[in-house]
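Q: kindly return the folded structure for what I paste below:
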Amino acid sequence: MSRRVEIRAESFPLARPFAISRGVKTAADVVVVEITEGDVKGWAECVPYPRYDETVEGVIADIEKVRAALEDGADTTAINEIMRAGAARNAVDCALWDFYAKRDGISVAETAGLAPLKSEITAETIGMGTPDEMGARAAELSAAPLLKIKINAEDIEKRLDAVRAGAPNARIIVDPNEGWDVALLSEKVRYLAEIGVEMLEQPVPVGQDGGLAALDSPVPICADESVHTADGLEDLVKRYDMVNIKLDKTGGLTEALKLRARAEALGFEIMVGCMVGSSLAMAPAVLVAQGAKIVDLDGPLLLKEDRTPGLNFTDGRIHPADPELWG
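A: Prediction:
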């Protein structure tokens, strides 16, 4: 019985435009891979990210290059050797994990040697806007236990003060998406600490983060764009306190689990994040997120409509996927 591979692009309109320091999104454009053999089907989703020079068309082309290998029975070990880290490998790697789980009747979590999965508090994200807009959105989300705030270098205090006024009891993390420099960061870290910001995510651009080693910050700083896989983690030890693991950066669950183990061994706290995608993209990340310091897997909550079935989000928590969805 031979395997068949299907690759397709899908698009999910967002509930509202989503702005970060480098642009505005109105839809989540994703690539889905399905691997079928007889009655068994495994599938997964990736989110091509322009910041890493990825496009939907380019990701599909990269997956097409390994179609023959997949149909001939290539496993996750082979795929991780012949594909580079990134969105394309993520879709293939996670589709294989799901395929094996469905074929063998053993969950991905059990295969990976993880304890039974539990729900985790996930951040809910507020995109950039005017102070009034961000304050109003914070008020709408004021019952959420954890908010993630997207921001650039403009009106920092006005925007964050508005958010804090709108959601006075929420925990807050802030993400400038490489939009600051070390000088601005040095100027703002005391203010961030005073308003209770728990973590600052990738404040300065990749390649300009060497100055973080000399910064005495009362707010933990998390690497995002500066870390993709376990390679080079040692260079970040004195610059960052945390690392953000995203499967679209690591190139799948296989490398994400390796990255988490290596990061913890080096003393980093763990954040698990996402691109803006559907529940199918988040489901494998829930495994990596177990017990993480910060979980940010709210991508489906930004969509106008998610997949059915999707993940269950209740009271600020993300719950493990039903096997019908993934894993």
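
Q: max-length strand in this protein?
A: Counting residues, the longest strand in the chain under DSSP state E turns out to be strand 4-20.

Q: for that strand, buried residues please.
A: 5, 7, 10, 12, 14, 18, 19, 20 (16 or more other C-beta atoms under 10 Å). Placement of C-beta: from N, CA and C, glycine included.

Q: ok, those vs residue 67, which is closest?
A: Closest approach to residue 67 among those (C-beta to C-beta): residue 5, at 5.2 Å.

Q: surely that closest one meets residue 32?
A: No: the criterion here is C-beta atoms under 8 Å, and residue 5 misses it with residue 32 at 11.2 Å.

Q: which two among the buried residues of strand 4-20 are spaced furthest apart?
A: The farthest-apart pair in these, when distances are taken by C-beta to C-beta, is 5 and 19, at 35.9 Å.

Q: sorry, back to before: immediately after the longest strand of the chain, which helix or strand?
A: strand 23-37 (DSSP states H and E).

Q: how far away from the center of its chain is that following strand?
A: With C-alpha atoms, centre = their mean, to the nearest Å as the basis, strand 23-37 stands 14 Å off its chain's centre.

Q: for it, name the packing helices and strands.
A: When contacts are defined as 3 or more C-beta pairs under 8 Å, 6 or more residues apart in numbering; DSSP states H and E, strand 23-37 sits against strand 4-20, strand 40-46, helix 56-64, helix 87-104.

Q: want to throw the ones you listed into TSV with mean pLDDT?
A: As requested, the helices and strands packed on strand 23-37 are arranged in TSV below (pLDDT from 0 to 100):
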stretch	mean pLDDT
strand 4-20	95
strand 40-46	98
helix 56-64	98
helix 87-104	98
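
Q: need these in TSV (columns: distance to residue 229).
A: Formatted as TSV, the helices and strands packed on strand 23-37 follow (distance: least, C-beta to C-beta, whole Å):
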stretch	distance to residue 229
strand 4-20	23
strand 40-46	15
helix 56-64	16
helix 87-104	10
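
Q: relative to residue 26, which of the ones you listed is closest?
A: Per C-beta to C-beta, nearest to residue 26 of these: strand 4-20, 5.3 Å.

Q: circling back: dump the buried residues of strand 4-20 to CSV, plus distance to residue 141.
A: Output for the buried residues of strand 4-20, formatted as CSV (distance: C-beta to C-beta, whole Å):
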residue, distance to residue 141
5, 40
7, 36
10, 27
12, 20
14, 16
18, 14
19, 16
20, 17
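
Q: before we move on, the earlier item: CA atoms of the longest strand of the chain as CSV?
A: Extracted in CSV, the C-alpha atoms of strand 4-20 (Å, rounded to 0.1, in the frame of the first residue of the first chain):
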residue,chain,number,x,y,z
ARG,A,4,0.0,9.7,-1.0
VAL,A,5,0.9,13.3,-0.2
GLU,A,6,-1.3,16.3,-0.7
ILE,A,7,-0.1,19.9,-0.4
ARG,A,8,-2.4,22.9,-0.4
ALA,A,9,-2.6,26.5,0.5
GLU,A,10,-5.4,27.8,2.7
SER,A,11,-6.3,31.2,4.0
PHE,A,12,-8.2,32.2,7.2
PRO,A,13,-9.5,35.8,7.4
LEU,A,14,-8.7,37.5,10.7
ALA,A,15,-11.4,38.8,13.0
ARG,A,16,-9.7,42.2,12.9
PRO,A,17,-6.5,43.6,11.3
PHE,A,18,-3.5,42.6,13.3
ALA,A,19,-0.7,45.1,13.5
ILE,A,20,2.9,44.6,14.8
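
Q: that strand versus strand 40-46: what angle between them?
A: Our comparison of strand 4-20 with strand 40-46, counting by axes from the mean of the first three to the mean of the last three C-alpha atoms, to 10 degrees, yields an angle of 30 degrees.
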